[in-house]
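>>> Need coordinates for the below:
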Amino acid sequence: MKTDVEELSPTRVRLSVEVPFDELKPSLDKTYREVGRQVRIPGFRPGRVPPPVLDNRVGRDVILGQAVNDAMPDLYSKAVAEGDIYAIGQPDVEITSMEYGKDLTFTVEVDIRPKFDLPDLASLAVTVDDTLVSPDEVAEYLGSLQERFASLKAVQRPVENDDYVSIDLSASVDGKPVEDAQASGLSYQVGSGSLLDGLDQALIGMSSGDSSTFTTELAGGEFAGRVADVTVTVHSVKTKEVPGLDDDFAQLASEFDTLGELRADTRAQLERMKGVQQVVQARDRALDALLDKIDIPLPEAVVQQEADHNRDSILEQLDRAGATMDGYLEMTSQTQEQFELDLQRRARRAVKVTLVLDQLAREEELSVDEAELADYIDRQAEQIGVSPERLYRQLAENDQLSSTAGELLRRKAINLIAERVKVTDPSGHPVDVKANLAAPGGSGESAETDSDEDDES
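Numbering: from 1, shown residues only. A predicted model of the protein is given here:
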């Protein structure tokens, strides 16, 4: 087989391929056998029909065409290898000459991975947040923990702000009850403003067993926008009791005996959390710093394919949620044109990220073994709530194991970038990203390769 490569652009080539007829013989033999098993010709058993008979009955050109179609994936792969290119995207194949007994010729136009150089990662620098934990942060965490252990206690007094009450509500318009504005046994925190305008003011000062009527404008239902008379009846009044911040609370809320031990553990937890966040920042910012240093011509067909995929994914999610694109645009404060431009921006960045990470993985000879892939699938299965066996089977059936391995390989490449780039905290102290990545929970898995940060290629 002979392959000539013509560069159409930095990201697209045309392959002109010439295949000697003899190289098609295995595919022709296979096609003759398959066609012979399918046709029924008197005097011949299925699968035993001689090729000349099939040529007369089915047509030699038809059989040749089927053989070429069957052989084309392998022929294309060989042409790509012979042309020493790295093809991406879908190829456009055109057969230019196909005649029995003569050489087969065809052309292929396909996008290719552009050639570019990676800068020295050690020459890049980024700054990430520090891991210092302030006393206020410890106090805030412990305060939220106190709230979790708070309880409601009934009180025999008039309603005050922040009390919790059990109430009935009944609304009427022009003396007629509003069916969809009647409720019994509602639990409500006074002052939250989460139900009806005027309700908080009406409740203040009421006691258990009291009823009061106030006017308000209804927000929904048949009488939306109409002024209604609303009667509220209080059944009970409760106040929230928050446990004191002392040794007894430490024993209640944790495995520690003293408040001092609980404070120390809280500080350590917050430092670990900030350490994980620091790794995520290092990964994201180091990747951004690298992308800013590289100008790559992007294969437009691949970019458009990525944009189309993202659009289809959004439309599918909206359809599952029973929502519309118009509603989505209104919610995100976008016009259709802005939405399409954002899709293109995201697609261009995603393609650029993939090209950069794949090249780094090749240059550094990174790899993913079966144990790493299995561990990664286990973690993904746990996140989505299915068994690892089921997820592995689904990936295998959909031919997605190689793409999953590629995703894991790119994550390795991002980690390598974060390790090589100079990372410091706001005080200028170096951050040991490699050590943080090796720590439990420090893999920075939440950092995605399709980050939403702006990056126009």
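>>> Using just helix, strand and coil, how would you label the residue lying closest to residue 50 once chain neighbours are set aside?
Using CB to CB, 6 or more residues apart in numbering and skipping residues adjacent in sequence, the residue nearest residue 50 is residue 44, 7.7 Å away. Just so you know, the C-beta spots here come from the backbone N, C-alpha and C atoms, and that holds for glycine as well. Taken by DSSP: H, G, I helix; E, B strand; the rest coil, the conformation at residue 44 corresponds to coil.
>>> correct me, but residue 44 touches residue 53?
Yes - in terms of CB atoms under 8 Å, residue 44 counts as a neighbour of residue 53; the distance is 6.9 Å.
>>> Could I get the full set of strands for the stretch 301-450 of the chain?
Assignment of strands within the stretch 301-450 of the chain using DSSP state E, counting those that start in this stretch yields the ranges 422-424.
>>> where does the chain dip in pLDDT?
When residues are selected by pLDDT under 70, those of the chain lie in 47, 440-457.
>>> re earlier: show the backbone phi and psi for the residue nearest to residue 50.
The phi and psi values for residue 44, taken as degrees, to the nearest 10, are phi -130, psi 140.
>>> do you know how far it is from residue 59?
Remark: distance between residue 44 and residue 59 (CB to CB, to the nearest Å) = 17 Å.
>>> Between the two, which is the more surrounded one?
Neighbour tally, residue 44 and residue 59, criterion other CB atoms under 10 Å: the higher count belongs to residue 44, 15 against 11.
>>> roughly how far apart are residue 402 and residue 249?
Applying CB to CB to residue 402 and residue 249 gives a distance of 53 Å.
>>> Looking at those two, which has the bigger crowd around it?
Set residue 402 next to residue 249 and count neighbours by other CB under 10 Å: residue 249 wins out with 18 against 10.
>>> Provide the secondary structure category for that one.
Remark: residue 249 carries the secondary structure label helix [criterion: three-state DSSP].
>>> dump the residue contacts of it.
Residues in contact with residue 249 (CB atoms under 8 Å, 6 or more residues apart in numbering) are 146, 149, 243, 259, 262.
>>> switch to 6 Å and redo it
Taking CB atoms under 6 Å, 6 or more residues apart in numbering, we find residue 249 in contact with residue 243.
>>> What segments of the stretch 151-300 of the chain are helices?
Taking DSSP state H, counting those that start in this stretch as the criterion, the stretch 151-300 of the chain carries its helices at 199-203, 247-253, 259-292, 300-320.
>>> Let's have the ones you listed in CSV, adding distance to residue 231.
Output for those, formatted as CSV (distance: least, CB to CB, whole Å):
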stretch, distance to residue 231
helix 199-203, 10
helix 247-253, 41
helix 259-292, 47
helix 300-320, 41
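>>> Residue 133: which of those helices is closest?
Comparing those against residue 133 with CB to CB, the closest turns out to be helix 259-292 (4.5 Å).
>>> Tell me the buried residues in that closest one?
Using 16 or more other CB atoms under 10 Å as the test for burial, helix 259-292 gives 259, 262-263, 266-267, 270, 272, 274-276, 278-291.
>>> try stretch 379-393
Per 16+ other CB under 10 Å, stretch 379-393 contains these buried residues: 380-381, 391-392.
>>> Those residues in helices, which ones?
Taking DSSP state H as the definition of helices, the buried residues of stretch 379-393 contribute 380-381, 391-392.
>>> Could you single out the nearest of the residues you listed to residue 108?
Scanning these for proximity to residue 108, where the rule is CB to CB, the winner is residue 392, at 33.9 Å.
>>> my guess is the closest one meets residue 378, correct?
No - here residue 392 lies out of contact with residue 378, judged by CB atoms under 6 Å, at a distance of 9.0 Å.
>>> The closest residue to residue 193 other than its chain neighbours and residue 167: what is the separation?
Nearest non-adjacent residue to residue 193, counting by CB to CB, 6+ apart: residue 200, 6.3 Å away. Using CB to CB, residue 200 is found at 12 Å from residue 167.
>>> Just want to know which of these two has more residues nearby.
Taking neighbours as other CB under 10 Å, residue 200 and residue 167 compare with residue 167 leading, 24 against 18.
>>> who does that one bridge with?
Assessed by DSSP bridges, residue 167 has beta-bridge partners residue 186, residue 234.
>>> How about the secondary structure of residue 40?
Local secondary structure at residue 40 is given as coil here, using three-state DSSP.
>>> Ramachandran coordinates for it?
Dihedral angles (degrees, to the nearest 10) for residue 40: phi -120, psi 110.
>>> roughly how far apart are it and residue 57?
As judged by CB to CB, residue 40 and residue 57 stand 10 Å apart.
>>> Neighbour count: these two, which is higher?
Using other CB under 10 Å, the more surrounded residue of residue 40 and residue 57 is residue 57, with 12 against 8.
>>> mind listing what residue 58 touches?
residue 35.
>>> do residue 343 as well
Residues in contact with residue 343, defined by CB under 6 Å, 6+ apart, are 307, 310-311.
>>> Residue 103 now?
Going by CB under 6 Å, 6+ apart, residue 103 touches 18, 20-21.
>>> between the residues you listed, which is nearest residue 80?
Out of these, the one with the shortest distance to residue 80 is residue 18. That distance is 15.0 Å, counting by CB to CB.
>>> Give me the neighbour count for that closest one.
As a burial measure, the neighbour count of residue 18 was computed by other CB under 10 Å and equals 15.
>>> Good, we can wrap up now.
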